[in-house]
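>>> Build me a model:
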Amino acid sequence: MNSSLRQDIVARLISDFEAIERGPYLQRVRCPECGKREAYINADAPWMLKCGRENNCGAQIHVKALFPDLFRSWSERYSTKAGEKPTSTTPVADGYLRDGRGFEPARIQGWYTQESYWKPEIGGTATVRFALPGGAYWERLLDNPERFGKQKANFVGRYKGQWWCPPALTAADLVAAGEVWIVEGIFDAIALYHHGIAAVSAMSCGNYPDEALKPFRMPPTKSVPAAPPWCGRWITTVLATTPFTSM
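From the prediction side, this is the model:
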């Protein structure tokens, strides 16, 4: 955890919720849910506030929900300061992925770049960008993204029929996994990768990655089981193509 972020979180827990520093924990924190001073949180990595009244409350609240203002201006907190020696070419993106998403930068190093995005009459922001097949890319807006309204990210290029696959996973890895999750977001796929689950991102719930699946496709079967009507058109497509096989 970034040291300045930790200091700000601890200071707010003390001022806003009457926390008391005792050894490895902040204790006697006033629980935001029940109002009792029985909550506690790890002092070195204060991420999750837990209420000790397990039977009567048991609330578990992430500090991002308590202090969202501390997680808005990533460039201000993580940019290399004047006179400091740069330790990374992507310091803001690193900080966001680690402290904003809970990922381990060492495990995803080289998967992304730190870029910028500008919109007239609104201003600019740092972004974390992921390359997509065919020269396209997707980037998440980082600094005070509420300025951009409903826009949280920016797509450039066409990605229809493609997916984003964690660079550490080869086609053979996907086959060997036996089961591959096709999820909507890149961050969803990265989170599953951290837990040892093979996953790829379709980037949109309306994008079926038929082009990405072609190398894995088996010949059509004579009989394809019907999908229940509530499953939607993608289930029927998956059953018809029976994608994953040995290579």
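
>>> so what's Ile41 up against?
Leu13, Ala19, Tyr25, Leu26, Val29, Trp47, Met48, Leu49, Lys50, Val63 (C-beta atoms under 8 Å, 6 or more residues apart in numbering). For glycine as for every other residue, the C-beta is placed from the backbone atoms N, C-alpha and C.

>>> what does Ser88 give?
Ser88 touches Asp94, counting by C-beta under 8 Å, 6+ apart.

>>> Wait, a strand at it?
No: secondary structure of Ser88, determined by DSSP: H, G, I helix; E, B strand; the rest coil: coil, with no strand assignment.

>>> Okay, strands next: where are they in this structure?
Counting by DSSP state E, the chain has strands at residues 20-22, 25-29, 39-42, 48-51, 60-62, 113-119, 123-131, 137-141, 153-156, 181-183, 199-201.

>>> So which of the ones you listed is the most surrounded?
Mean neighbours per residue, mean count of other C-beta atoms under 10 Å, is largest over the strands of the chain for strand 199-201, with a mean of 25.

>>> center of the protein - which residue?
Phe187 (3.5 Å; C-alpha atoms, centre = their mean).

>>> And that residue, how close does it get to Ala39?
28 Å (C-beta to C-beta, to the nearest Å).

>>> same question, Pro215
51 Å.

>>> Kindly report the same for Thr80.
Where Ala39 is concerned, Thr80 sits at a distance of 36 Å (C-beta to C-beta).

>>> Please apply the same query to Asn56.
From Asn56 to Ala39 the distance is 12 Å (C-beta to C-beta).

>>> Scan this structure for its longest helix.
If you go by DSSP state H, the chain has its longest helix at helix 3-17.

>>> what ranges do the helices span in this structure?
Under DSSP H, the chain gives helices at 3-17, 63-66, 74-78, 91-95, 171-177, 186-194, 210-213, 233-241.

>>> buried set for the fifth one?
When burial is assessed from 16 or more other C-beta atoms under 10 Å, helix 171-177 yields the following buried residues: Leu174, Val175.

>>> Dihedrals phi and psi, Trp163?
Main-chain dihedrals, Trp163, degrees, to the nearest 10: phi -140, psi 160.

>>> what residues are up against it?
Trp163 touches Pro133, Ile182, Val200, Ser201, Ala202, Met203, Pro209, Ala212, counting by C-beta under 8 Å, 6+ apart.

>>> Which single one of those residues is nearest to Leu70?
Ser201 (27.7 Å; C-beta to C-beta).

>>> For the closest one, give the beta-bridge partners.
When bridges are taken as DSSP bridges, the partners of Ser201 come out as Trp164, Val183.

>>> Identify the residues contacting Arg188.
That one is not Arg; residue 188 is Asp. Ala199, Ser201.

>>> So it versus Asp44, what's the distance?
28 Å.

>>> try Val183
32 Å.

>>> what do you get for Tyr137?
Here the criterion is C-beta to C-beta. By it, Tyr137 lies 36 Å from Asp44.

>>> Then Gly100?
For Gly100, the distance to Asp44 - C-beta to C-beta - is 18 Å.

>>> Which one's more surrounded, the two?
Neighbours of Gly100 and Asp44, each counted by other C-beta atoms under 10 Å, are more numerous for Gly100; the result is 19 against 9.
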